[in-house]
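1. this one's sequence-less:
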């Protein structure tokens, strides 16, 4: 049976997915939000968020607004469980959404599951893939909220470190946000100086019962994790009394993973989603919190250039998803993410400093050739990872080759033998004007970019 047949069979057999309830519990130390889901005639699931009470510094929390924000987190969390059977109906028993809200979530679900549908060869339309029905009641809440300062999301990689470094002079107004903190998160926060100025959210990764279903052959695949992060960050901003939620999503995230389609591994990191989320929260949450990416005006290449100059973070940051699975977050050295980060930093740090970070020269690894070709845009698709655009990778590789003395390593020699060097300096010096960055943040980013473009040009000369 192919996956399209499996999809049709499963959604017919298990036609109702129920978002049954969410519960907020508190003790002296923690606030815990539990979520309960049911696939009729198959299984029930539960998951939770756990927040340390000491990190909650908003003294004027409206409990109904807290419930409403928590309910919305559950509207994204449910995708991890719904996707195993793709039920025809999502029945929301514990809250209310109007027709416009339902359509907003259907758009997010459909585009955010684009990779899931593509990998599983499932061909469906936005109109037909699911119905959302709400049976709960509307909550009324107090919108008299005035936030102050910034909640900086920390992911452990180079991008959020660059954002944190750019906002260093606003230290007194900043709080960091991290979910399921690992060593790279904590080391990043410490290096940035926010050890005692952070809200840490612990989330159950996946109910073990779903993992068992996956082992039995039920459907599985990518969900729009960054949209879940968005709603949890919004909740966290409210709990900490912040005005701005500051992300580190770059302009490069807008490029589709499968060119010519809207299929994007990073859909919920795109400018489109950023705008949708901001407009949704302004209309329905009605409080003074703005969600935007500080780095939307930059390319991955430019972010790499800035990060290359922040030496103290080079042994701290981690981005490899495979290497994040164990107790210690490491660079696996074999995946598209590792090779992309290695490549994008190579014009500035190659060779000794990159080898020190990754433990080997990834350009010498012949097993990475197919991945290398995909990152360059000469394969059938881009890897399904959070990686930059084809033009950025080609530019970075071309710069390294042009400066290299001696015998080229395997991947660089392959590029030189098979493709043209591409030098588009706009990738280094340009500025993306599609963003939601207000002053004084915009001045800070422009100033830092100009500073390091000038530095690079002086060093090259």
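-> Arrived safely. Model, not experiment: these values are computed from the prediction.
2. For the rest of this, base every contact and every neighbour count on C-alpha atoms.
-> Will do.
3. which stretches of this structure have low pLDDT?
-> Across the chain, residues meeting the criterion (pLDDT under 70) sit at 1, 461.
4. so what are the domain limits for it?
-> Structural domains assigned to the chain are 3-293, 318-430, following automatic domain parsing.
5. Would you state the strands of this structure in chain order?
-> Shown for the chain, the strands assigned by DSSP state E span residues 16-26, 30-39, 43-52, 89-92, 131-134, 150-153, 174-179, 198-203, 244-247, 290-293.
6. Distance-wise, check the residue lying closest to residue 129 once chain neighbours are set aside relative to residue 12.
-> With sequence-adjacent residues excluded and distances taken as CA to CA, 6 or more residues apart in numbering, residue 129 is closest to residue 88, at 6.8 Å. In this view, residue 88 and residue 12 are 7 Å apart by CA to CA, to the nearest Å.
7. higher neighbour count, these two?
-> Set residue 88 next to residue 12 and count neighbours by other CA atoms under 10 Å: residue 88 wins out with 21 against 14.
8. wouldn't the more buried one be in contact with residue 16 here?
-> Yes: the pair residue 88 / residue 16 is scored as a contact, 6.4 Å apart, by CA atoms under 8 Å.
9. count of neighbours near residue 301?
-> Neighbour tally, residue 301, other CA under 10 Å: 25.
10. Repeat that for residue 41.
-> 11.
11. quick one, what contacts it?
-> Contact partners of residue 41, counting by CA atoms under 8 Å, 6 or more residues apart in numbering, are residue 14.
12. Phi first, then psi, for it.
-> phi 70, psi 10 (degrees, to the nearest 10).
13. Could you report the distance from residue 140 to residue 96?
-> Relative to residue 96, and taking CA to CA, residue 140 is found at 11 Å.
14. can you redo the domains of the chain as a markdown table with distance to residue 456?
-> Output for these, formatted as a markdown table (distance: least, CA to CA, whole Å):
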| stretch | distance to residue 456 |
| --- | --- |
| domain 3-293 | 17 |
| domain 318-430 | 8 |
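15. what's the closest of those to residue 301?
-> Comparing the domains of the chain by their distance to residue 301 (CA to CA), the top pick is domain 318-430, with 5.9 Å.
16. which residues sit in contact with residue 197?
-> Taking CA under 8 Å, 6+ apart, one finds 174, 175, 176 in contact with residue 197.
17. of these, closest to residue 156?
-> After measuring the contacts of residue 197 against residue 156 - CA to CA - the closest member comes out as residue 176, at 11.7 Å.
18. How about the contacts made by that closest one?
-> 151, 152, 153, 154, 189, 194, 197, 198, 199.
19. hmm, which of those residues are the buried ones?
-> In the contacts of residue 176, burial by neighbour count holds for 151, 152, 153, 154, 189, 194, 197, 198, 199, counting by 16 or more other CA atoms under 10 Å.
20. Now for the fifth one: which residues touch it?
-> Residue 189 makes contact with 154, 176, 195, 198 under the criterion CA under 8 Å, 6+ apart.
21. which residues does the third one contact?
-> Meaning residue 195. 186, 189.
22. Okay, the residue nearest to residue 393 when sequence neighbours are not counted and residue 395: tell me how far apart.
-> Spatial nearest neighbour of residue 393, excluding adjacent residues (CA to CA, 6+ apart): residue 376 at 5.9 Å. According to CA to CA, residue 376 and residue 395 sit 10 Å apart.
23. cool, residue 447 as well?
-> From residue 447 to residue 395 the distance is 23 Å (CA to CA).
24. cool, residue 304 as well?
-> From residue 304 to residue 395 the distance is 13 Å (CA to CA).
25. How about residue 368?
-> From residue 368 to residue 395 the distance is 19 Å (CA to CA).
26. ok, those two, which is more surrounded?
-> Neighbour tally, residue 368 and residue 395, criterion other CA under 10 Å: the higher count belongs to residue 395, 23 against 18.
27. Sort out which residues of stretch 437-453 are buried, please.
-> 437, 445, 449, 452.
28. show me what contacts the second one?
-> Taking CA under 8 Å, 6+ apart as the definition of contact, the neighbours of residue 445 are 166, 294, 295.
29. For the nearest residue to residue 237 once chain neighbours are set aside, list each beta-bridge partner.
-> Nearest-residue entry for residue 237: residue 151, 6.2 Å, with adjacent residues in sequence omitted and distances by CA to CA, 6+ apart. On the basis of DSSP bridges, residue 151 is bridged to residue 175, residue 245.
30. Next one: residue 151 from residue 238, what distance?
-> Taken as CA to CA, the span from residue 151 to residue 238 is 10 Å.
31. Please apply the same query to residue 414.
-> 51 Å.
32. In terms of packing, which of these two has more residues around it?
-> Taking other CA under 10 Å, residue 414 and residue 238 do not tie; residue 238 has more neighbours (28 against 16).
33. Correct me if wrong: that one contacts residue 58.
-> Yes: at 7.2 Å, residue 238 and residue 58 qualify as touching, with contact defined as CA under 8 Å.
34. just the helices in the stretch 301-450 of the chain please.
-> For the stretch 301-450 of the chain, the helices defined by DSSP state H, counting those that start in this stretch cover 336-349, 352-358, 369-376, 390-403, 410-418, 426-429, 441-460.
35. Quick check: the two most widely separated of the contacts of residue 189?
-> Maximum pairwise distance in the contacts of residue 189, criterion CA to CA, is 12.1 Å, between 154 and 195.
36. tell me the contacts of residue 103?
-> So residue 103 contacts nothing (CA under 8 Å, 6+ apart).
37. The residue nearest to residue 393: neighbouring residues, count only.
-> Neighbours of residue 376 (other CA under 10 Å): 23.
38. so how far is residue 336 from it?
-> According to CA to CA, residue 376 stands 11 Å off from residue 336.
39. thinking again about what came up before, going by distance to residue 34, which of the contacts of residue 197 wins?
-> residue 176 (23.6 Å).
40. and the gap between that closest one and residue 188?
-> 10 Å.
41. For these two, list the residues in contact with both.
-> Counting by CA under 8 Å, 6+ apart, the residues touching both residue 176 and residue 188 are residue 154.
42. how many neighbours does the residue nearest to residue 297 when sequence neighbours are not counted have?
-> Distances taken as CA to CA, 6+ apart place residue 432 nearest to residue 297, at 4.3 Å, with adjacent residues excluded. Using other CA under 10 Å as the criterion, residue 432 is surrounded by 14 other residues.
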